[in-house]
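Chemist: Could you work out the structure for the sequence below:
(one chain, ligands or ions: 1)
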Amino acid sequence: MIDYENSLCEYLNEHSIPYSQNHPLKYETYFKQGGNAEFFITPTSIQQLTQTIAHLKRNSIKWKLVGLTSNVYFLSELTYGVIISTKNLTRLSFDGEAFEVDCGYPMIDLVRVTLTHGFGGNEGLEGIPGTVGGAIFMNAGAYGYTISDHLQTVTILTNSGEVLAISKADCEFKHRDSIFKKNPDYIIVSASFKYPKESTSLSAEKIETFHIARHCYQEFAYPNIGSTFSARSDFYLELFHESKTYTFLGYALKLIFKNPLSKLINRKKPTNEHLNLLALKYLNRNNDFVRSKKTLNILINNGKTDFLTLADQIITLRKKLKNDIPLENEIILAPLGGSTTLNRQITERAIAIGALNIKDLEKNTTKQT
Ligand SMILES: Cc1cc2nc3c(=O)[nH]c(=O)nc-3n(C[C@H](O)[C@H](O)[C@H](O)COP(=O)(O)OP(=O)(O)OC[C@H]3O[C@@H](n4cnc5c(N)ncnc54)[C@H](O)[C@@H]3O)c2cc1C
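Modeler: Numbering: from 1, shown residues only. I've put the predicted structure just below:
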């Protein structure tokens, strides 16, 4: 048994903090990938979360915190160390004005709870499958709505172990960005929201509309973690921006396949394969590019999608997209556990053959320091 494991087991048992050892992440994660985690810790209260973090810090043990893993790639090639999940931190309270929500509360439930209390302002967030903490971390949003719109305060656990409430302004929210991305040591513990009153039936109608809209471009069959890049307008036109010919062809295909009549005819099986094939030609790639039929901007796990495939495809798209279109997904390379030498060899091999370009992926790659 590795040194730290005994003392961590002892501590977690003593404080009745749930955990599992050698936990297979591939059955846990949204992308259905990932090697084993030596420890997968699932605190059931904020107190257990802060106790766990304090113990890990005291003993200089690295960890990675996750919510519902709907924006992160864990790699099946790697064995991880300590992973903490907030999925059991789901307390929500309402005082008649504001909602106080723990970080692990699912976004899809928050949308429905606010609806049943007669509030609006969350409708476009329907279908974002993460937690409130994960959503605040990257200022998740869709259809002109973001999690930060009606946020009042965020309670955080700082690097020094202090628990404090910070204002919305302190969070420095931007498009899919916040102060938390720059300070991964900050942990979002809970948040409070105040929503405007809204007619329930109008709100429900909007939720329904956004839900249906998602079916047109969101992959539902294969495991995936949503959009790879956070394009602000049409992904294909953003991809073709350097080529007038491909931009013209892209517009033409949209006109043929995305006009109201074709949309109506294809409504039960919406696809963008024609645009995907055009994009593959543009990228000089063949049909083996692992993708959703709904969009090239969603990478799927088809059972054969490995680390090199993911990294290679992300880099291929990155090279053609404008730099100001951020990579939305995060590749987790730390903390490593198990045979660290083997893990390092895999990572180094990927870098050597150019499949993982650390510079390109730097911002969105959680690395061991
Ligand atoms: C089908 C699908 C559709 C999606 N659609 C959208 C969309 O429309 N718009 C959009 O913005 N996103 C979308 N996403 C991406 C994803 O759902 C969001 O990014 C979500 O907010 C991630 O939450 P999570 O709990 O799963 O976070 P994770 O994936 O578990 O973690 C993501 C990052 O947040 C950090 N984090 C998580 N919790 C905390 C916390 N409590 N404190 C500090 N850091 C934390 C993690 O360390 C990690 O770095 C989609 C994903 C899928 C699979």
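
Chemist: from here on, contacts and neighbour counts on C-alpha atoms
Modeler: Fine.

Chemist: what's near enough to touch Tyr246?
Modeler: 240, 278, 282 (CA atoms under 8 Å, 6 or more residues apart in numbering).

Chemist: low pLDDT regions in the stretch 201-350 of the chain?
Modeler: Within the stretch 201-350 of the chain, the stretches with pLDDT under 70 are 339-347, 349-350.

Chemist: Run through the strands of it in chain order.
Modeler: 330-332 (DSSP state E, counting those that start in this stretch).

Chemist: right, and the helix or strand after the host helix or strand of Ile166?
Modeler: Taking DSSP states H and E as the criterion, the element that holds Ile166 is strand 163-167. Using DSSP H and E, the next helix or strand after strand 163-167 towards the C-terminus is helix 179-182.

Chemist: tell me what that following helix is packed against?
Modeler: With contacts taken as 3 or more CA pairs under 8 Å, 6 or more residues apart in numbering; DSSP states H and E, helix 179-182 sits against helix 132-138.

Chemist: And for the helix it packs on, what's in contact with it?
Modeler: 66-68, 101-107, 141, 147-148, 176-181, 188-190.

Chemist: The strand holding Ile166 vs the ligand: in contact?
Modeler: No - looking at strand 163-167 against the ligand by CA under 6 Å from any ligand atom, there are no contacts, and the closest approach is 12.5 Å.

Chemist: Would you mark the buried spots in that strand?
Modeler: 163, 165 (16 or more other CA atoms under 10 Å).

Chemist: Next up, the contacts around the residue nearest to Ala98 when sequence neighbours are not counted.
Modeler: Among residues not flanking Ala98 along the chain, Lys194 sits closest, at 4.7 Å (CA to CA, 6 or more residues apart in numbering). By CA under 8 Å, 6+ apart, the contact set of Lys194 is 97-99, 150-152.

Chemist: Those, buried ones only, as a ChimeraX selection?
Modeler: To isolate the buried members of the contacts of Lys194 in ChimeraX, using 16+ other CA under 10 Å:
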select :99,150,151,152
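
Chemist: hang on, the earlier thing: filter the contacts of helix 132-138 down to the ones in strands?
Modeler: Among the contacts of helix 132-138, DSSP state E puts 66, 101-102, 141, 188-190 in strands.

Chemist: restrict those residues to contacts with the ligand.
Modeler: 66, 141, 188-189.

Chemist: what separates the residue nearest to Ala98 from the ligand, distance-wise?
Modeler: 19 Å (CA to the nearest ligand atom, to the nearest Å).

Chemist: likewise Thr50?
Modeler: Thr50 is 12 Å from the ligand, by CA to the nearest ligand atom.

Chemist: for Gly133, same thing?
Modeler: Here the criterion is CA to the nearest ligand atom. By it, Gly133 lies 4 Å from the ligand.

Chemist: Counting neighbours, what do you get for that residue?
Modeler: 27 (other CA atoms under 10 Å).

Chemist: ok, now Lys254?
Modeler: For Lys254, the neighbour count with other CA under 10 Å is 15.

Chemist: Could I get the CA-only coordinates of stretch 172-187 as CSV?
Modeler: Presented in CSV, the C-alpha positions along stretch 172-187 are these (Å, rounded to 0.1, in the frame of the first residue of the first chain):
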residue,chain,number,x,y,z
GLU,A,172,-14.9,38.3,-12.6
PHE,A,173,-17.4,36.5,-14.9
LYS,A,174,-16.8,36.6,-18.6
HIS,A,175,-17.9,34.4,-21.5
ARG,A,176,-17.3,30.8,-20.1
ASP,A,177,-14.8,32.2,-17.7
SER,A,178,-14.5,33.3,-14.1
ILE,A,179,-11.9,34.0,-11.4
PHE,A,180,-12.2,30.3,-10.4
LYS,A,181,-10.5,29.1,-13.6
LYS,A,182,-7.5,31.2,-12.8
ASN,A,183,-7.5,30.1,-9.2
PRO,A,184,-8.1,26.4,-9.2
ASP,A,185,-7.4,26.3,-5.5
TYR,A,186,-10.6,28.1,-4.7
ILE,A,187,-13.4,25.8,-4.0
